[in-house]
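>>> 3D model of this:
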Amino acid sequence: MSKIKVLDGGFSTQLSTHVGDRIDGDPLWTARFLITDPNAVFATHLDFLRAGADIIQTNTYQATIDGFVKYVGISEEESLEIIRRAVDYAKNAVNAYTKEIADDESIMSRNKPLIAGSCGPYGACQHDGSEYTGSYGTRVSKEFLINWHRPRVRALLEEGVSLLAIETIPCEREADAVVELLKEFPDARAWLSFSCRDDGKNLADGTSFRETAVRCYKNALPGQIIAVGVNCIAPQHVTSLLKGVNKGNTDDNLIPLVVYPNSGEKYLVTEGWKKCGEAPSLHEFIDEWLDLGVRYIGGCCRTCAVDVKRIKSKVDHRRAT
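Sure thing, here's the model as predicted:
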């Protein structure tokens, strides 16, 4: 179990502890703070590193050329420069953290934290919740989606991220598009994480999660997709989605899985995050997820550094067994 990597948590949730401005509901979401408060972005990364994250994600989920041009009024090249700076803020946090722990041999024995370049779906820049429906999958072509994702992917890779976090992908067409795009960057590595329904079977657009995830993993260049999985879904719906992906597989042909669920709350575009009863904590499921082949685990929306610390504690226990 030494190969398990702890991810960070919900960036907006932790960022909110450093800023007084409203985050949810902004069409640029946390990406606006790359412009208005980069020190808070740096501090949020550092929070997650101190909590034990092995991998932190750049604050670029909703950092898109479309969004910056429309809501900030800047050029395409200026937008790409903001995305590149987001990588630098993450690098600065890793360097600061490395200096902090320089005299702590128990921590220094771990590998240096990695940086994953966050790439949200096309739906995220629409600011209409379509990353949770995938409704645009039938309206735009695969070629359009490849061309839309390419500039950010290229900028993140050129700025030196360790890998890509292609996340919250809600539809089959977009999944196929990003796998095809990655072949243009053969040295790149990425995990591919999906937005799914609560039915335990399907992507947000109604297509089969298992079939799509396995196909994408197998259709990618060898070793390019390091894991497939789910994010921003209630914890109690994760296990049924992951079951079957590795059914019949041995350790030799295991498909590594990635999971970072939300707190169990629902996001409504007009109302924000709402509790739906007493949802179980993600920490209750960690052992069963690891048994299914999860090798990358963290939190998404409405989780914070405290949750990452608890995840790390659980994972450390498994690493020791």
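>>> Let me know the helix or strand that the closest residue to Ala43 other than its chain neighbours is in.
The spatially closest residue to Ala43, leaving aside those adjacent along the chain, is His18, at 5.1 Å (Cβ to Cβ, 6 or more residues apart in numbering). From N, CA and C alone the C-beta is placed, and that goes for glycine too. In the assignment (DSSP states H and E), His18 maps to no helix and no strand.
>>> And for His18, the neighbour number?
15 (other Cβ atoms under 10 Å).
>>> who's in contact with it?
Residues in contact with His18, defined by Cβ atoms under 8 Å, 6 or more residues apart in numbering, are Asp37, Ala40, Ala43, Thr44.
>>> Nearest to Glu158 among the residues you listed?
Thr44 (23.5 Å; Cβ to Cβ).
>>> Return the set of buried residues in the helix ranked longest in the chain.
Counting by DSSP state H, the longest helix found in the chain is helix 76-100. Of the residues in helix 76-100, 79-80, 82-87, 89-91, 93-94, 97 count as buried by neighbour count, 16 or more other Cβ atoms under 10 Å.
>>> swap in stretch 305-316?
By neighbour count with 16+ other Cβ under 10 Å, stretch 305-316 contains the buried residues Ala305, Asp307, Val308, Lys309, Arg310, Ile311, Lys312, Lys314, Val315.
>>> residue ranges with poor pLDDT in the stretch 151-300 of the chain?
264-278 (pLDDT under 70).
>>> As a check, name the ranges of all strands in this protein.
Along the chain, counting by DSSP state E, strands occupy 5-6, 55-57, 114-119, 163-169, 190-194, 225-231, 257-260, 266-268, 272-274, 294-297.
>>> Between the ones you listed, which one is closest to Gly248.
strand 257-260 (15.1 Å).
>>> which residues sit in contact with the closest residue to Ala93 other than its chain neighbours?
Excluding the flanking residues, the one nearest Ala93 by Cβ to Cβ, 6+ apart is His45, at 3.5 Å. Applying Cβ under 8 Å, 6+ apart, we find His45 in contact with Asp8, Ile56, Asn59, Tyr89, Ala90, Ala93, Val94.
>>> what about His45, distance to Phe144?
His45 is 32 Å from Phe144, where distance means Cβ to Cβ, to the nearest Å.
>>> what does Asp199 give?
28 Å.
>>> cool, Gly120 as well?
Counting by Cβ to Cβ, the gap from Gly120 to Phe144 is 16 Å.
>>> These two: who's more crowded?
Gly120 (23 against 15).
>>> neighbours around the closest residue to the more buried one other than its chain neighbours, how many?
Excluding its sequence neighbours, the residue lying closest to Gly120 (Cβ to Cβ, 6+ apart) is Tyr61, at 3.9 Å. For Tyr61, the count of nearby residues is 23 (other Cβ under 10 Å).
>>> so where is the stretch 1-150 of the chain shaky, pLDDT-wise?
1-2, 21, 105-110.
>>> All the helices of the stretch 201-321 of the chain, in order from the start?
Assigned by DSSP state H, counting those that start in this stretch, the stretch 201-321 of the chain shows helices spanning 209-219, 238-242, 286-291, 305-319.
>>> how about the ones you listed, which one is nearest Ile101?
helix 305-319 (14.1 Å).
>>> which residues touch the closest one?
Residues contacting helix 305-319 (Cβ under 8 Å, 6+ apart): 1-2, 4, 6-9, 14, 47-48, 50-53, 282-283, 286-287, 290, 297-299.
>>> try it again with 6 Å
The contact list for helix 305-319 (Cβ atoms under 6 Å, 6 or more residues apart in numbering) reads 1-2, 4, 6, 9, 14, 47-48, 51-53, 283, 286, 290, 299.
>>> Just the buried ones from those?
Buried members of the contacts of helix 305-319, counted by 16+ other Cβ under 10 Å: Ile4, Val6, Gly9, Gln14, Asp47, Phe48, Ala51, Gly52, Ala53, Ile286, Leu290, Gly299.
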